[in-house]
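Build me a structure from this.
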Amino acid sequence: MAKLSSAHLFDVNWSGIPLWSGAQLQVRAGLALPNGKDDVTDRQDQGGGNAIDADNAGFALMVSLSQNMLNGFNKLIIQNFSGAMASPSSNWYANGSGKPDTRAGSDANTFRILDYIAIEPTASFGLHGLVVYEKAEGYAEAAPGATGLADWGMGTIAADGKSVSSEREWFAIGVRPIFSITDNFALQGEVSYESTEVTHVESEAKKLTKFTVAPTFRPGKGIWSRPEMRFFVTYANWNDAAGNAGTGNTFVVDGTQETDGVTYGVQLEAWW
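Here you go, the predicted model:
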């Protein structure tokens, strides 16, 4: 088993700050301080030997502006993470918490901006929408003498004791209209696109476009009505880079990676 790095996390969250009519502001800050110094083995070699310097602090800042509109809301969120808080395992969001990973290099930085909308202009029509842009760079720092460090989603890490200057950009946009046909039946659709590019790796950006139709049964009208059962059909189109990275053998025919495909199924969603 790999030895896990640890850290003290200090989290300050000030929410519900009133602004103008129907608008609220949230400000959240986090500080991660390493608890000692552990050697963490490479996740692809749990037997040891490939260590990562685990002595990095981290800082995170999030500002969120929410505006009520059309029987719903629009929320704009800006986040910046540095050091340990910028690592892939630090899922530190507006209303959640994450475990800082002190394997992230001291020069690691992730910037993210997203806008989410959920509105219901009429009793028979609602809409969810999301657009997000993220730029991340310099994730890991190798310990002296370490070799063969793993790919952390940023490309292969050079184990020379220096922090990596890799860079990744991610952009995604999606919209989901919901048409309530009756009190218990709705027709949903979704269109989305995303692109991920690792600039220090000599490969094209991974791109994916999806179209979904989902007849839906639920106990009443409203975009938040649950439980909800959706029968969905999705058509997706992607480039070779995305297919090679994500579909495995699902869309491989006679050894050739397909660049589009159809999936279908049933989803049941409920919360308490």
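
okay, CA-based contacts and neighbour counts for the rest of this
Noted.

If you drop the residues flanking it in sequence, what lies closest to Ser180?
Sequence neighbours aside, Ala186 is the residue nearest to Ser180 in space, at 4.2 Å (criterion: C-alpha to C-alpha, 6 or more residues apart in numbering).

I misspoke; the intended subject was Pro121.
Closest residue in space to Pro121, ignoring its immediate chain neighbours: Leu70 at 5.1 Å, by C-alpha to C-alpha, 6+ apart.

Run through this protein and note the low-pLDDT ranges.
Applying pLDDT under 70 to the chain picks out residues 1-7, 35-55, 87-105, 139-166, 200-203, 246-249.

And the helices in it?
Using DSSP state H, the helices found in the chain span residues 240-246.

per-domain residue ranges of it.
1-165, 180-272 (automatic domain parsing).

picking up where we left off before, bridged to the residue nearest to Ser180, which residues?
Ser180, Thr216 (DSSP bridges).

That one against Gly220, yeah?
No. Checked against C-alpha atoms under 8 Å, the pair Ala186 and Gly220 is beyond contact range at 9.5 Å.

These two: who's more crowded?
Legend: neighbour count by other C-alpha atoms under 10 Å for Ala186 and Gly220, higher for Ala186 (23 against 17).

check contacts around the more buried one.
Ile178, Phe179, Ser180, Pro215, Thr216, Phe217, Arg218 (C-alpha atoms under 8 Å, 6 or more residues apart in numbering).

in the sheet, who's paired with the closest residue to Phe111 other than its chain neighbours?
With sequence-adjacent residues excluded and distances taken as C-alpha to C-alpha, 6+ apart, Phe111 is closest to Asn80, at 4.5 Å. Taking DSSP bridges as the rule, Asn80 bridges to Leu61, Phe111.

State the distance from Asn80 to Tyr264.
Asn80 sits 37 Å away from Tyr264, going by C-alpha to C-alpha, to the nearest Å.

More neighbours: which of the two?
Ranked by neighbour count (other C-alpha under 10 Å), Asn80 and Tyr264 place Asn80 first, with 20 against 13.

correct me, but that one touches Thr110?
Yes. Counting by C-alpha under 8 Å, Asn80 does reach Thr110; the two are 5.7 Å apart.

circling back to that earlier point, dihedrals phi and psi, the residue nearest to Pro121?
When read as degrees, to the nearest 10, the backbone of Leu70 gives phi 50, psi 50.
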